[in-house]
Structure formats: structure tokens, C-alpha cells
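Asker: Sequence and predicted model, in that order:
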Amino acid sequence: MRRAALLLLSFAVLHPLWGQQEVIPRPDDAGRQRRQLTEWRTVSVNEGKGVKVQPLPEVTLSFAEVVKKGSITFRLLFDGPKVSPGYLVGSPPVLVEMAGGLDYKGPVEVCVAFAPDLFPDHGGDLRLLRRQDKSWVDETRTLDREKHMVCAQVPKLGLLLLAERSVHGLYDDLAATMRLIPSEELQQDLAEPILQSRESATKGDRPAFEQQLKSVREQLAAASPDRLPAQVRDWITYFLNRLDARVTGKPAKN
């Protein structure tokens, strides 16, 4: 629950350097580009605080503090472990693999510029997932849909995957956010139309989906602040807007 809340808050934060980034291109010759990008590259990293490294034009790493200088080995991949349920990979899948030979403190911010045409919904719900053991962990902190830039904070360097949150995944995020509602009665009142809208979305029944979302919005608007704090209302509204855009193809509301 707390993770969903933090993730939603982070979407509004924009990185000041994003406009200067390039994007990962769709390969004209996929075989040749795979060979080029799967080769390991090494970049040096100096000591200091607030250190930024750009091993490729589309990837920026930011270290809070590098205690001892060293180097990073790095490559892009178009194949890797299967994505977790609730996510969709690009065409082709895009992964970032990194290994570090340096000492640093704190998490590392990783920002990746992406080509929207590679992803479902043009990357409208793109996330950065980190491989941990045999599963993927969503480490996303910010997403700029206009600049086509997604950023994450990772505890250590490793394998990252760019993946789109699916409609079912967005419903899972919505369900987690619903648990933040202090009124159990309101949770129960909203549960049925949300569940019905999920079923309608799965069946492709757009009129029923829109009617059910309308019912949810009306209940949200009528709920008093003691039953539904303004911040939680905003989080729920965010996910409703994202679902509306994904299912109906309408532009997402702010």
C-alpha cells in the first residue's frame, strides 16, 4: 500500500535533464543492433558526491556519493528472464544490465530514455523492474510521458527491464490504493463497481466499463473527507484515469 502511494506521488516529479536525452531507437536491422548492444562497455566513475555517469546517450546513472573511484560495465539487451504477471514487455524487450567495480553509498538513480513506439500504449505506464533472485521488483520513481523518460532508484547495480503496466496490473495498483481508504464501508461500496469494471474491461465491453467507472467517480465525489482523505481520492482518481485511457483510448485526464 505504501509502495503504491509513493509510486503515484513520484509520477509528478520531472528530471531537469530529461529534455537533453536521446531515445532507444527501434532497430532497422534487429540482428545487427542486438550484436552491437549486447557487447559489454566499460566507463570510468570518479570519486565525489552527486556523481553522474552516462554510459550511453539513453541511460544516465546518478550516485549520491562515490567513495572510491572505479568503473562500470554495461550493456543493453533485447532478451532476458520472463516478465512478472501484470506487466507487458516492449517489442523487442529492452533490458539494461550493469555491474560495478567501485564503492558508493546510497541507492543509484537510473534514468532511461525510451522510444514510445516500442511499448504498448506508447509507454504510458512504463516501469523499471530490477531482477532480484528469480523475480522482478518494481523500482520506478518517476515517469515523464512527454519526455519519454523513466527513472528508478536501485539499491545496487544489476539487471533492469523496461516493462509496461498492463490493464490488470493497473487494477492491482488500484486495489492496493483502495486499502488506504479509512472507511471500510466506503471500500465495500466501491469494490463492486470496480470489480465489474475490471470484468467489462477484460471482455472489451466499453459502454459497461464507462458506466461502472462513472458510478465509482460519483461515489468518490460524494464521499466526505473523513471517509476519504483528499490525497487518497487523488491516488484513486489517478488510476481510474489511467484505466479509462487504456481501455477506451481516450486521452488521460490530469
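Answerer: Nice, I can see it.
Asker: Could you report the neighbour count for Gly80?
Answerer: 17 (other C-beta atoms under 10 Å). All C-beta atoms are positioned from the backbone trio N, CA, C, and that covers glycine.
Asker: Next, work out how far apart it and Leu161 are.
Answerer: 6 Å (C-beta to C-beta, to the nearest Å).
Asker: okay, and the common contacts of those two?
Answerer: Pro93, Leu95, Arg131 (C-beta atoms under 8 Å, 6 or more residues apart in numbering).
Asker: For those, pick the one with the most neighbours.
Answerer: For those, counting by other C-beta under 10 Å, the largest number of neighbours falls to Leu95: 23 neighbours.
Asker: give me the beta-bridge partners of it?
Answerer: Partner residues in beta bridges with Leu95, using DSSP bridges, are Leu77, Leu161.
Asker: so what's it up against?
Answerer: Residues near Leu95 by C-beta under 8 Å, 6+ apart: Leu76, Leu77, Phe78, Asp79, Gly80, Leu159, Leu160, Leu161, Leu162.
Asker: Could you do Leu160 as well?
Answerer: 95-98, 110, 112, 128-131, 139, 152, 154 are the contacts of Leu160 under C-beta under 8 Å, 6+ apart.
Asker: Go through these and name the one nearest Tyr87.
Answerer: Minimum distance to Tyr87 across those is 7.0 Å, recorded for Leu129 (C-beta to C-beta).
Asker: measure Val53 to Lys68 for me?
Answerer: Val53 is 15 Å from Lys68, by C-beta to C-beta.
Asker: At which residues are the helices of the stretch 151-254 of the chain located?
Answerer: Here the stretch 151-254 of the chain has its helices, by DSSP state H, counting those that start in this stretch, at 167-178, 184-203, 206-222, 230-248.
Asker: Send me stretch 137-150 as PDB with only the CA atoms.
Answerer: Taking C-alpha atoms only, stretch 137-150 is exported to PDB below (Å, rounded to 0.1, in the frame of the first residue of the first chain):
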ATOM      1  CA  VAL A 137      10.900  -5.800  -8.300                       C
ATOM      2  CA  ASP A 138       9.300  -2.600  -9.500                       C
ATOM      3  CA  GLU A 139      11.800   0.200  -8.600                       C
ATOM      4  CA  THR A 140      10.100   3.000 -10.600                       C
ATOM      5  CA  ARG A 141      10.200   6.500  -9.100                       C
ATOM      6  CA  THR A 142       9.300   8.900 -11.900                       C
ATOM      7  CA  LEU A 143       7.800   8.700 -15.400                       C
ATOM      8  CA  ASP A 144       7.700  11.600 -17.900                       C
ATOM      9  CA  ARG A 145       5.300  10.700 -20.700                       C
ATOM     10  CA  GLU A 146       6.100  13.800 -22.700                       C
ATOM     11  CA  LYS A 147       9.900  13.400 -22.500                       C
ATOM     12  CA  HIS A 148       9.700   9.600 -22.800                       C
ATOM     13  CA  MET A 149      11.900   9.100 -19.700                       C
ATOM     14  CA  VAL A 150      11.500   6.600 -16.800                       C
END
